[in-house]
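# Okay, predicted coordinates and the sequence, questions at the end:
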Amino acid sequence: MIFRCKFGLLLLALWVPGALVAQSDDLLARIWAGAQQSQAKLTTVCGTMTETRTSKLIAKPMVLHGRFCSEGTDRFMLEYAEPNPVRIRVNGNYLNVIGNGKTEVLDIGGDIRHAQSSFGNKNSLEELEKDFDVTAQESGQAYELKLIPRSTSYRRRLNYLVVKLNKHDFLPRSLEVDGKSGVNSVFTFEITSTNAKLPESTFEVTKTK
């Protein structure tokens with residue numbers, strides 16, 4: 001759960017080899033520029049989410065439902081609904097996972113700064129390509145970006161990521177996370193509001209263990 005939440009930061013920033021490399025690079029640059037222009041217009045994003053989780057250790061796919069909100073690159077809220085309610089909050093350096101009457105507190109300042117470096121500045125595409133091999137393609141009404149980790153820190157936890165963005169507004173449609181643990185999760189999103197004023201309690205976290 002914590003691993004997937006950290007990669008949820010990709011949504012807050014937030015990919016054909018061989019003879020098509022130049023075409024893919026050009027497409028990636030256009031997608032990246034469009035996504036950054038879209039983000040510049042957004043203060044907050046909220047919506048609903050469905051996660052479909054598969055693994056060799058479970059007999060059939062597990063389907064989980066929830067809602068999320070994000071603000072900037074370091075404030076994020078995700079709530080899973082019944083029957084397994086879990087609340088996740090990211091605010092600044094701190095991540096809380098709240099469930100079963102317990103609150104787990106983690107200092108993830110390093111992860112936040114890494115995500116901001118990769119996704120939040122004018123050289124962010126170059127920074128991202130230090131950590132991932134990134135390819136891009138068009139898929140119907142979406143752009144599809146695939147990231148295969150290069151750096152050791154990501155490679156030991158992750159096989160790949162696949163992000164799909166709407167063509168018209170560059171907002172996320174889905175995120176696939178394939179982990180070294182053998183768990184594959186596909187998150188699909190429906191955006192319900194943008195630029196809404198959110199109460200401070202939305203991202204309230206506990207900062208001490």
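Arrived safely.
# Can you classify C69 by secondary structure?
The three-state label given to C69 by DSSP: H, G, I helix; E, B strand; the rest coil is strand.
# for this structure, longest helix please?
Across the chain, the longest stretch assigned as helix under DSSP state H is helix 21-40.
# what's the average pLDDT for that helix?
Mean pLDDT, helix 21-40: 77.
# List the contacts of S193.
S193 is in contact with 44-47, counting by C-beta atoms under 8 Å, 6 or more residues apart in numbering. Placement of C-beta: from N, CA and C, glycine included.
# Using a markdown table, lay out the residues you listed together with neighbour count and distance to R150.
Converted to a markdown table, the contacts of S193 look like this (neighbours: other C-beta atoms under 10 Å; distance: C-beta to C-beta, whole Å):
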| residue | neighbour count | distance to R150 |
| --- | --- | --- |
| T44 | 16 | 32 |
| V45 | 22 | 29 |
| C46 | 18 | 33 |
| G47 | 17 | 31 |
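# before we move on, the earlier item: could I get the CA-only coordinates of the longest helix of the chain as CSV?
What follows is helix 21-40, C-alpha atoms only, in CSV (Å, rounded to 0.1, in the frame of the first residue of the first chain):
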residue,chain,number,x,y,z
VAL,A,21,12.7,6.1,-31.5
ALA,A,22,12.8,9.6,-33.0
GLN,A,23,9.0,9.6,-33.5
SER,A,24,8.5,8.4,-29.9
ASP,A,25,10.9,11.1,-28.6
ASP,A,26,9.0,13.8,-30.5
LEU,A,27,5.7,12.5,-29.3
LEU,A,28,6.9,12.3,-25.7
ALA,A,29,8.1,15.9,-25.9
ARG,A,30,4.7,17.0,-27.1
ILE,A,31,2.9,15.1,-24.4
TRP,A,32,5.2,16.4,-21.7
ALA,A,33,4.7,20.0,-22.8
GLY,A,34,0.9,19.5,-22.9
ALA,A,35,0.9,17.9,-19.4
GLN,A,36,2.9,20.7,-17.9
GLN,A,37,0.7,23.4,-19.5
SER,A,38,-2.4,21.5,-18.1
GLN,A,39,-0.9,21.3,-14.6
ALA,A,40,-0.1,25.0,-14.6
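# re the thing from before, quick one: which of the contacts of S193 is nearest to V134?
V45 (22.5 Å; C-beta to C-beta).
# Just to be sure, the closest one is in a strand?
Yes: secondary structure assignment places V45 in a strand (three-state DSSP).
# where along this protein do the strands fall?
44-54, 62-71, 75-80, 86-91, 94-99, 102-107, 132-139, 142-149, 158-166, 172-179, 184-194 (DSSP state E).
# Out of these, flag the one nearest L28.
Taking the strands of the chain one by one with C-beta to C-beta, strand 132-139 is closest: 4.1 Å.
# Give me the contact list for the closest one.
15-17, 24, 27-28, 31, 128, 143-151, 154, 161, 164, 167.
# Mind putting the strands of the chain into a markdown table with distance to Q36 and mean pLDDT?
What follows is the strands of the chain, written out as a markdown table (distance: least, C-beta to C-beta, whole Å; pLDDT from 0 to 100):
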| stretch | distance to Q36 | mean pLDDT |
| --- | --- | --- |
| strand 44-54 | 15 | 94 |
| strand 62-71 | 16 | 93 |
| strand 75-80 | 19 | 92 |
| strand 86-91 | 21 | 91 |
| strand 94-99 | 25 | 90 |
| strand 102-107 | 28 | 88 |
| strand 132-139 | 15 | 90 |
| strand 142-149 | 14 | 93 |
| strand 158-166 | 12 | 93 |
| strand 172-179 | 14 | 93 |
| strand 184-194 | 16 | 94 |
